[in-house]
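S.K.: Here is a sequence with its predicted model. Questions after.
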Amino acid sequence: MIKVVDLHKSFGDLEVLKGINTEIRKGEVVCVIGASGSGKSTFLRCLNLLEEPTKGEIYIDGISLMEHKKDINKLRQKVGMVFQQFNLFPHMTVLENIMLAPVKVKKMPEEEARRKAIELLRKVGLSDKDNVYPSQLSGGQKQRVAIARALAMDPEVMLFDEPTSALDPEMVGEVLAVMKQLAMEGMTMVVVTHEMGFAREVGDRILFMDEGVILEEGTPEELFGNPKKERTRAFLSKVL
Amino acid sequence: MLEGVYRVLSDAIYFNLIREDRYMLFVNGLKVSIQLTVFAAIIGVIIGLLMAIAKLTNNKILNRIATAYTDVIRGTPSVVQLIVIYYAILGSSQLPKLLVASLAFGINSGAYVTELIRAGIQAVDKGQMEAARSLGLSYSQAMRYVIVPQAIKNILPALVSEFIVLLKETAVAGYIALDDLTRAGTIVRGRTFDPYTPFILVALIYLYITSMLTAFMGRLERRLRQSD
């Protein structure tokens, strides 16, 4: 579904990604872990070209992103993204936030988009919040709305960029529960996270990133239970 | 004593306002000042919009043109700009003075409006653009539906404040012999040899209009903040 070949990314002289190779299969939940500055967020942001790779190739459903930069708006519809800082549109109600892209990008009739938005809000457990503005929501509620907003475009894969890192501890659970439900329904997901419990429980595969490369990867059992690399062991001993 | 004060005041009012219908000089001057401010504001906003877009695009040439424009205008006195534009560029044409002055003040104000709009757009969190683009919106759709509506909240109150500045700036229109409100004061002073009354009047009229605009700005700010 997504194939990444020799992906490099530099910011000026700073090389953040130094050759990433991996493949994400349909229905798979891949969790990306690693220390701050290891390049995991940059890697994720390259997958929908929010960061433009310096070198390498990314294929989505066999289509090269690098060769189709002009069609990026079309390709991005297949890839939903959830941000650490939620990035809800503060001047729109919750419902308008969710309806914007289906109506303006997919040209979906407004009534249909509204029905769909209400359906999605119920799915993330916020049926009663359709007409409030984001500023009236808690962090956990904002993030669940952001997930609903991304889902409204019927993406084939969802990218999560540290979705719980900006939340108060008591709100982390509600967001992870929604993500877990999504995973169980078969959504393809790439999750950059510091929530090792979630990665272990929900992840099909864990990528451990260090200094711009995928240093080690495997099933949660392999990676958490029996890490092979010294760096992986050192990292896990600090976070577990 | 009280009689003396009364006498001085009524004389001042009589000579500066009533005799020879001199109040009409102030009324007409005010009309000119307001017309000048409104025309210049319209021109300024149009130029400001275009130049802000020129500053925000990735086109190097447009960036340079816009930067040169704002640097020159903001780095020179508006009186000098007015005189240069009036005599050197447009003085030889048959255009009415009011229009020429409006253009000069519009070009001046446009530079400040450019910066207001640019700053207002750049103040919108960059995560907003990323979120919009990640949903598949094009750059222009993201601008239109997500960025600009938020930027307007930053821009509008500052724009009213710029109009207040503009109204006061037009007080130098007398330099090109345009009979604005301030010049009305000068003319009346020339006839009555009273240096205080005409200009205190002029000041009060300016103050009245600017305080109305300030009150309007306050209301606007409160209303725009409501959805936050």
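M.R.: Yes, it's here. Residues are numbered from 1 along each chain as shown, chains lettered A, B, ... in the order given.
S.K.: use CA for all of it now, contacts and neighbours both
M.R.: Noted.
S.K.: and the residue of chain B found nearest chain A, which of the three is it?
M.R.: Of all residues in chain B, residue B:136 sits closest to chain A, at 4.5 Å by C-alpha to the nearest C-alpha. Classification of residue B:136 using DSSP: H, G, I helix; E, B strand; the rest coil returns coil.
S.K.: so it touches residue A:76, yeah?
M.R.: Yes: with contact defined as C-alpha atoms under 8 Å, residue B:136 counts as touching residue A:76 (5.1 Å).
S.K.: higher neighbour count, the two?
M.R.: Between residue B:136 and residue A:76, counted using other C-alpha atoms under 10 Å in any protein chain shown, the more crowded position is residue B:136 (27 against 23).
S.K.: Tell me, how many residues neighbour the closest residue in space to that one that isn't next to it in sequence?
M.R.: Counting by C-alpha to C-alpha, 6 or more residues apart in numbering or on different chains, the nearest residue to residue B:136 once its immediate chain neighbours are dropped is residue A:73, at 4.5 Å. If you count neighbours by other C-alpha under 10 Å, residue A:73 ends up with 19.
S.K.: tell me the pLDDT at residue A:73?
M.R.: Note for residue A:73: predicted pLDDT of 89.
S.K.: which stretch of helix or strand covers it?
M.R.: Assessed by DSSP states H and E, residue A:73 sits inside helix A:72-76.
S.K.: What are the boundaries of the helices in the chain?
M.R.: If you meant another chain, say so; for now it's chain A. Secondary structure of chain A (DSSP state H): helices at A:40-46, A:72-76, A:94-104, A:110-123, A:139-151, A:169-184, A:196-202, A:220, A:230-239.
S.K.: Not quite, go with chain B.
M.R.: Assigned by DSSP H, the helices in chain B fall at B:2-13, B:23-56, B:60-74, B:78-83, B:97-122, B:126-134, B:139-142, B:148-169, B:181-192, B:197-225.
S.K.: Low-confidence ranges, chain B, go.
M.R.: Counting by pLDDT under 70, chain B contains low-confidence ranges at B:90-92, B:227-228.
S.K.: what does it put close to chain A?
M.R.: B:127-128, B:130-131, B:133-138, B:146, B:149-150, B:227-228 (C-alpha under 8 Å from any C-alpha of the partner chain).
S.K.: Phi and psi next, for residue A:211.
M.R.: When read as degrees, to the nearest 10, the backbone of residue A:211 gives phi 50, psi 40.
S.K.: neighbours of the nearest residue to it once chain neighbours are set aside, just the number please.
M.R.: Excluding the flanking residues, the one nearest residue A:211 by C-alpha to C-alpha, 6+ apart is residue A:38, at 4.7 Å. Neighbouring residues of residue A:38 were enumerated by other C-alpha under 10 Å; the total is 19.
S.K.: quick one: contacts for residue A:38?
M.R.: Going by C-alpha atoms under 8 Å, 6 or more residues apart in numbering or on different chains, residue A:38 touches A:16, A:209-213.
S.K.: Now rank those residues by neighbours and give me the top one.
M.R.: residue A:209 (25 neighbours).
S.K.: need the residues of chain A near chain B, please.
M.R.: Within chain A, the positions adjacent to chain B are A:48, A:50, A:72-77, A:79-81, A:83, A:85, A:87-91, A:101, A:104-105, A:133, A:135, A:150, A:153 by C-alpha under 8 Å from any C-alpha.
S.K.: out of these, which are buried?
M.R.: Neighbour-count burial (16 or more other C-alpha atoms under 10 Å in any protein chain shown) is assigned, among the residues of chain A next to chain B, to A:48, A:72-77, A:79-81, A:83, A:85, A:87-91, A:101, A:104-105, A:133, A:135, A:150, A:153.
S.K.: got a list of what the nearest residue in space to residue A:221 that is not next to it in sequence touches?
M.R.: What sits nearest to residue A:221 in space, not counting adjacent residues and going by C-alpha to C-alpha, 6+ apart, is residue A:200, at 7.6 Å. If you count contacts by C-alpha under 8 Å, 6+ apart, residue A:200 has them with A:220-221, A:224.
S.K.: next one: residue B:50
M.R.: Residue B:50 neighbours (C-alpha under 8 Å, 6+ apart): residue B:114.
S.K.: Swap in 10 Å and give it another go.
M.R.: Counting by C-alpha atoms under 10 Å, 6 or more residues apart in numbering or on different chains, residue B:50 touches B:44, B:66, B:110, B:114, B:117.
S.K.: any idea how far residue A:192 is from the most centrally placed residue in chain B?
M.R.: When C-alpha atoms, centre = their mean is applied to chain B, the residue found nearest the centroid is residue B:166 (2.3 Å). Residue B:166 sits 52 Å away from residue A:192, taking C-alpha to C-alpha, to the nearest Å as the criterion.
S.K.: what does residue A:102 give?
M.R.: Remark: distance between residue A:102 and residue A:192 (C-alpha to C-alpha) = 26 Å.
S.K.: thinking again about what came up before, any chance of TSV for the contacts of residue A:38, columns distance to residue A:177?
M.R.: Formatted as TSV, the contacts of residue A:38 follow (distance: C-alpha to C-alpha, whole Å):
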residue	distance to residue A:177
A:16	32
A:209	25
A:210	28
A:211	31
A:212	30
A:213	30
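S.K.: what's the most distant pair in these?
M.R.: Using C-alpha to C-alpha, the contacts of residue A:38 span at most 11.1 Å, a distance reached by A:16 and A:209.
S.K.: Now do the shared contacts for these two.
M.R.: Joint contacts of residue A:16 and residue A:209 (C-alpha under 10 Å, 6+ apart) are A:37-40, A:43.
S.K.: show me the contacts for residue A:213.
M.R.: Residues counted as contacts of residue A:213 (C-alpha under 10 Å, 6+ apart) are A:6-8, A:16-21, A:38-40, A:43, A:207.
S.K.: okay, those residues in a markdown table with pLDDT next?
M.R.: Below are those laid out as a markdown table (pLDDT from 0 to 100):
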| residue | pLDDT |
| --- | --- |
| A:6 | 95 |
| A:7 | 95 |
| A:8 | 95 |
| A:16 | 94 |
| A:17 | 95 |
| A:18 | 95 |
| A:19 | 94 |
| A:20 | 94 |
| A:21 | 95 |
| A:38 | 93 |
| A:39 | 93 |
| A:40 | 95 |
| A:43 | 96 |
| A:207 | 96 |
